[in-house]
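Trainee: Fold the following, please.
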Amino acid sequence: MARKRLVLVTGINGYIAAHTAAALFKDGYAVRGTVRARTANVENLVRKLNEYHDGDRLELVEIPDISADGAFDRAVDGVQAIAHIASPVSTTETDPAPMMRAAVQGTTSLLSSALVEARKRSGKDALKSVVFMSSMSAVFSPNRPAGHVFTESDWNDVAEEELRRLGTSAPGYTFHQASKTAAERAFWKYGKETGVEFAMTSLCPAPVFGPPLYLPEPISSLSIRIKEVYDIFEGGPIPEFSPIRSTFIDVRDVAELVLRVFEQHGEQPGARNRYVLTAQPPISPQQIADVLRESFPERREKIGEGNPGERYPRMTWKFDSSKAASLLGREWIGFRQSVVDSAKAFLGAKSV
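Mentor: Presented below is the predicted three-dimensional model:
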């Protein structure tokens, strides 16, 4: 297969980024990934990714601090596309400042390096497309009226204000929601103010399920939502309802959409696109337990029963992901398959 373009994937050892790299390899791309350091988990990822390419299409670049000026200068050298997926994620932080700084400055630092690089080259070797991995947290806002349908035009206009009001006493999930919203706003502001010619796209996925490409050590470092599936599978409590938990998307669909963006928008100078990604609302944490107990009867004594059959309380809000579905060009991976495939990946995992 003739080699396609070189793509930079930031935070390549992350849950979504690892799948994105694998999807790119399968489609013939070369990948340069950024990591904070060459840890044991990074080496585990490299071994897994080597199954998806011919042995010379993966390169790693260490960036200890993504918010530093010029942090990405070396990483963007010679790339034709960028998938910016690295992002600070934590629900246990007590100080929001480091997370907000890393999310926003990490994004603008990358774009600054990308702009310089884009101006160096032209033609087929030019940097043509940057994808920013945002979140449904940057779209969903609980102050919308009953019956509101969330689309790409919506923004979370509550989280940042809530964080400013509560400061360090704000719950951890507010840190995450505010940082994702602020980072995506910074992404679009930078593009508007500089007039960059490369295509810019943001993807706003719902909570992401689906089998990890590799299992991190310790297993407790799994991405937040997929860890909920793991915890239920291992007999942990069934989480309470929340509006965000009523939506989901499979990680494999997210990764494939990054690829589709590069193919569809990568040759359109100045293209600007935002996509809401959600597959099958409404769902509930109870449904995760129901699927697991039905699919793994040998673990029924371990997996909590909860209230079988209980669904999410009546949701007045809805989510329109038709734009992303059209780009994907096939049916979304369903909730049941996503949960079962995730659990299969967890079989035999060490509980740490």
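Trainee: From here on, just use CA atoms for contacts and neighbour counts.
Mentor: Noted.
Trainee: So what's the residue count around Val31?
Mentor: Per other Cα atoms under 10 Å, the neighbour tally for Val31 reads 26.
Trainee: repeat for the one 5 residues further on
Mentor: For Arg36, the count of nearby residues is 17 (other Cα under 10 Å).
Trainee: That one against Leu60, yeah?
Mentor: No - between Arg36 and Leu60 there is no contact under Cα atoms under 8 Å: 10.1 Å.
Trainee: How far does stretch 248-263 sit from its chain's centre?
Mentor: Counting by Cα atoms, centre = their mean, to the nearest Å, stretch 248-263 is centred 10 Å from the centre of its parent chain.
Trainee: What's the mean pLDDT across it?
Mentor: The predicted model assigns stretch 248-263 a mean pLDDT of 97.
Trainee: list the buried ones in it?
Mentor: Residues 248-262 are the ones in stretch 248-263 that count as buried (16 or more other Cα atoms under 10 Å).
Trainee: and which of those is nearest Glu310?
Mentor: For the buried residues of stretch 248-263, the minimum distance to Glu310 (Cα to Cα) is 17.3 Å, reached by Phe248.
Trainee: Now do the strands in the stretch 201-350 of the chain.
Mentor: Ranges of strands in the stretch 201-350 of the chain, per DSSP state E, counting those that start in this stretch, are 208-209, 249-250, 272-277, 318-319.
Trainee: show me where pLDDT drops low in the protein?
Mentor: Residue ranges of the chain with pLDDT under 70: 1-3, 88-96, 163, 166-172, 313, 350-352.
Trainee: Can you list phi and psi of the most far-flung residue of it relative to its centre for me?
Mentor: Distance to the chain centre peaks in the chain at Glu301, reaching 33.0 Å (criterion: Cα atoms, centre = their mean). Per-residue torsions, Glu301: phi -70, psi -20 (degrees, to the nearest 10).
Trainee: just checking, Glu217 touches Asn41?
Mentor: Yes - counting by Cα under 8 Å, Glu217 does reach Asn41; the two are 6.6 Å apart.
Trainee: For stretch 246-263, give me every contacting residue.
Mentor: 15-17, 19-21, 23-24, 81, 83, 129, 131, 201, 205-211, 277-284, 312, 324, 327-328, 332-335, 338 (Cα atoms under 8 Å, 6 or more residues apart in numbering).
Trainee: what's His53 in contact with, if anything?
Mentor: By Cα under 8 Å, 6+ apart, the contact set of His53 is Phe25, Lys26.
Trainee: State the three-state secondary structure for Asp56.
Mentor: coil (DSSP: H, G, I helix; E, B strand; the rest coil).
Trainee: Run a quick neighbour tally on it.
Mentor: Asp56 has 9 neighbours, counted by other Cα under 10 Å.
Trainee: what about the residue farthest from the centre of the chain, distance to Leu292?
Mentor: In this view, Glu301 and Leu292 are 12 Å apart by Cα to Cα, to the nearest Å.
Trainee: contacting residues for Val79?
Mentor: The contact partners of Val79, taken as Cα under 8 Å, 6+ apart, are Arg5, Leu6, Val7, Leu8, Asp125, Ala126, Leu127.
Trainee: Just confirm the second one contacts Gln80, I think it does.
Mentor: Yes - between Leu6 and Gln80 there is a contact at 5.6 Å, judged by Cα under 8 Å.
Trainee: Tell me where the stretch 151-300 of the chain has helices.
Mentor: Assigned by DSSP state H, counting those that start in this stretch, the stretch 151-300 of the chain shows helices spanning 159-166, 172-194, 224-233, 251-265, 285-295.
Trainee: what packs against the third one?
Mentor: The helices and strands touching helix 224-233, judged by 3 or more Cα pairs under 8 Å, 6 or more residues apart in numbering; DSSP states H and E, are strand 208-209, helix 285-295, helix 335-346.
Trainee: same thing with the longest one?
Mentor: Under the contact criterion of 3+ Cα pairs under 8 Å, 6+ apart, helix 172-194 touches helix 96-120, helix 159-166.
Trainee: Among these, which comes closest to Gly70?
Mentor: Closest of those to Gly70 is helix 96-120, at 6.4 Å (criterion: Cα to Cα).
Trainee: Which elements pack onto the following helix or strand past the closest one?
Mentor: Next in sequence after helix 96-120, counting helices and strands by DSSP states H and E, comes strand 129-133. In terms of contacts (3+ Cα pairs under 8 Å, 6+ apart), strand 129-133 is packed against strand 81-84, strand 199-205, helix 251-265.
Trainee: Now tabulate these in a markdown table and tack on distance to Asp320.
Mentor: Shown next, in a markdown table, are the helices and strands packed on strand 129-133 (distance: least, Cα to Cα, whole Å):
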| stretch | distance to Asp320 |
| --- | --- |
| strand 81-84 | 23 |
| strand 199-205 | 12 |
| helix 251-265 | 16 |
